[in-house]
Structures are given as structure tokens and as C-alpha cells.
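[1] Quick one: sequence plus predicted model below, questions after.
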Amino acid sequence: MSQNVIELDGVSKHFGEQVVLSNVSMSVKEGDIVGLLGPNGSGKTTMIRLMNGVINQTDGKLSILGMNPGIEGDKVRKSTGILTENAGLYHEMSGLDNLIFFSKLYGNFDLKQINLYLEEFELAEHMDKKVGAYSTGMKRRLGIIKAILHKPRLLFLDEPTNGLDPEGIKLVLKFLKDLNEQEGTTIFLCSHILHQLEHVCKEYFFLNDGKITDFGTLNELQKRYVTQIKLKVITNLLPVEAHWGGYPVLVKDKNTLQFLLTSSDQITPLLQKIISDFWVHHVEIENNDLESLYFKIRSGVNE
Ligand SMILES: Nc1ncnc2c1ncn2[C@@H]1O[C@H](COP(=O)(O)OP(=O)(O)OP(=O)(O)O)[C@@H](O)[C@H]1O
């Protein structure tokens, strides 16, 4: 069984009078990709900074790769990579020189590998430009390369797709999935853009006001929070009553119906019944995506 590479036990962090994290306990297994989701100011960046030993907790215990980041911060940072908002890049140096500088600092200089990453992140043609002249998306991609140069076992990414265009988002998410699958790198990422994470993370942690309010796989969270399925069906069936085929139904728009079901087992028989007399162009469960779950967990509503 894989070991926990992140363990937090009753961790709190105060800045003066402000309680930013309160009694946070969580664990992440080696080789997983997990997402930390929470609104602005909920404490996500603070948690990453604690786990990297950049700041110390007020209370509780942390273990990162079996080490205490508050005491062994340098050792922790040698085996972890981190991408933060400004990525710590030198704006007066070129993209290439930044990567050469950091890889030498990490004792891991490999020009061939650097060039491969620059190609992969579509930065090769800009590598001699000063980073100060890079666009936000280019800086973000360079920041990700900087975070993985020393082949960390554990990667912390704070909003890795911020400022990226749709092609950049696709490229970065695919790269992270491949890195996880091929190298076994554990990835801990924070993001607001929930639909992007839906196909990337194995498990999600929800942070609100400095407290973990729930966690689990998408499947587990759906079982917990989605007790009624809202099934959107685009069809030429036009129900005349508020029930059709034994289920409550709402006419949302011309050709768009919403059935309310209590179990996903009801979907197939319902659709079979519809298509025996009508056409169906589209079917979608509307309320079980990560974003719907996020709002339910925030408001404590099961629906
Ligand atoms: N060094 C600091 N000194 C004082 N307060 C701080 C410090 N760092 C963070 N905070 C406060 O802690 C709270 C949580 O901040 P944090 O950056 O961890 O939130 P976040 O969830 O990452 O937010 P965002 O989504 O906006 O990035 C905020 O109220 C912030 O002002």
C-alpha cells in the first residue's frame, strides 16, 4: 500500500489575531493527484506555504515525505516542487537563463532536459527573451518547468492554469497527468476553475474559512450530496402533465426537459421509454459535476 506523503494533524495557523487555518487534518497518498478547493482567502496558499516549510504552523503537526517542514524545510524543498503566484522567476534574465540558474542551484543541471521542457511547453522560440517581457501565460508555463526541474516526488501547484489560454490549459493539464502516471509524482493543486480539475484529480479537499469541510473522490462526493438527479433531455417529447413515465418532469425550453430521478438506475428505463416514440438528441446529468458539488458542500445542502 502506498504511503502518505502529506499528513496534517490538527494544524492551525494564525496571523496575529486572524485565524487563517483551524484544526486542519488531512492526508495524501504517494502517487495521487489531489485538488484543494476553496474560495478566495480560505487559506489554500497558506497551507502550501506551511507544507513547504516557508512559514510555521501555530498549532498541530505536519509531515511531508516523512519530514517536519518547520524543522527540515531545506530537505523538504529538495524533494518537492512549488508553483506560486509569482513563481519566483528573475525578470531581468531570459527564460533559458532562469532555468539554467535554478537547475544549477538544485544541483541538477541538464541542458538537454531543459531544452526538451522548453519545447514541450512551447517556449523554445521565446527562451532568449527576458522573462519580464513574457506574457502571464508564458511566465506560468516557465514557472511550472522551474518547479519540476529537479524531478520532485511531490509537486505543489497554486492555480497552475491561471492566465493560460485554452491551448495552454490543455497542455499543462495533460503534462501533469502524464507526469503523475509516468513518474509517479504526487501532485497537490489548488484551483478555482473547477471544471478543469474534474478530469485530473483523484480526490478533492474542500476548504472554507480555514477548515476542511469535506473530502473524497468525485464518486464518493456525488453519493453523499446528490440524492436527486436532474436529468436534462433534449427531445421532441412534450409532456402535458408534471409527470411523464412515472417521474416528475419540467419543461425547461422548447425540446428541453428536466426529469427528477432518485437513482441513476432509473436513467436507462426512462430513456428506453422515450426513444421508443420520440427522438433524443442530448442527455446530461446537470447536478453532479464538481462545480455543483462545490456549492452544495459550501452551503451544506444535499439535493
Ligand atoms: N503573511 C501574512 N500575513 C498576514 N495575513 C496573511 C498572510 N498570508 C495570508 N494572510 C491572510 O490569510 C488569509 C488566507 O490567505 P491565502 O492566501 O492562504 O488564501 P487563498 O485561499 O490562497 O486565497 P486566494 O484564492 O485568493 O489565493 C487571507 O485573509 C490573507 O490575507
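    Received it, and whenever you're ready, just let me know what you need. Residues are numbered from 1 along each chain as shown.
[2] What strand or helix carries residue 220?
    Per DSSP states H and E: residue 220 is located in helix 218-225.
[3] and residue 150, that one's in a helix?
    No. Applying DSSP: H, G, I helix; E, B strand; the rest coil, one finds residue 150 to be coil, outside a helix.
[4] re earlier: buried ones in the helix holding residue 220, by neighbour count?
    Using 16 or more other Cβ atoms under 10 Å as the test for burial, helix 218-225 gives 218, 221, 222, 225. C-beta here means a position set from N, CA and C on the backbone, and glycine is covered the same way.
[5] Turn those residues into a markdown table, including pLDDT.
    Shown next, in a markdown table, are the buried residues of helix 218-225 (pLDDT from 0 to 100):
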| residue | pLDDT |
| --- | --- |
| 218 | 90 |
| 221 | 91 |
| 222 | 87 |
| 225 | 86 |
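[6] Is any residue of the one helix or strand in the chain whose mean pLDDT sits lowest near the ligand?
    Across the helices and strands of the chain, mean confidence by mean pLDDT, DSSP states H and E is lowest for helix 194-197: a mean of 83. No. Using Cβ under 6 Å from any ligand atom, we find that helix 194-197 stays clear of the ligand, coming within 12.8 Å at best.
[7] Give me the contact list for that helix.
    Residues from elsewhere that reach helix 194-197 (Cβ atoms under 8 Å, 6 or more residues apart in numbering): 35, 37, 161, 169, 173, 189, 191, 204, 289, 290, 291, 294.
[8] Spell out which residues of this structure are next to the ligand.
    Counting by Cβ under 6 Å from any ligand atom, the chain sits next to the ligand at 15, 20, 38, 40, 41, 42, 43, 44, 45, 46.
[9] Work out which residue lies at the spatial centre of this protein.
    residue 35 (3.7 Å; Cα atoms, centre = their mean).
[10] what about it, which SS state?
    strand.
[11] which parts of the least confident helix or strand of the chain are buried?
    194, 196, 197.
[12] Same question for stretch 33-48.
    33-38, 42-48.
[13] hey, what's whichever residue of the stretch 201-303 of the chain sits closest to the ligand bridged with?
    Nearest to the ligand in the stretch 201-303 of the chain, going by Cβ to the nearest ligand atom, is residue 207, at a distance of 6.9 Å. In this entry, residue 207 is beta-bridged to residue 212, by DSSP bridges.
[14] number of nearby residues for it?
    For residue 207, the tally of surrounding residues (other Cβ atoms under 10 Å) stands at 23.
[15] swap in residue 134?
    19.
[16] what do you get for residue 59?
    Counted with other Cβ under 10 Å, residue 59 comes out at 12.
[17] how much space is there between it and residue 156?
    Distance of residue 59 to residue 156, given as Cβ to Cβ, to the nearest Å: 21 Å.
[18] Same question for residue 224.
    Using Cβ to Cβ, one obtains 27 Å as the distance from residue 224 to residue 156.
[19] Then residue 293?
    23 Å.
[20] which residues touch residue 262?
    227, 228, 229.
[21] Can you verify the first one is assigned to a helix?
    No. Counting by three-state DSSP, residue 227 falls outside a helix, being coil.
[22] No more questions from me, cheers.
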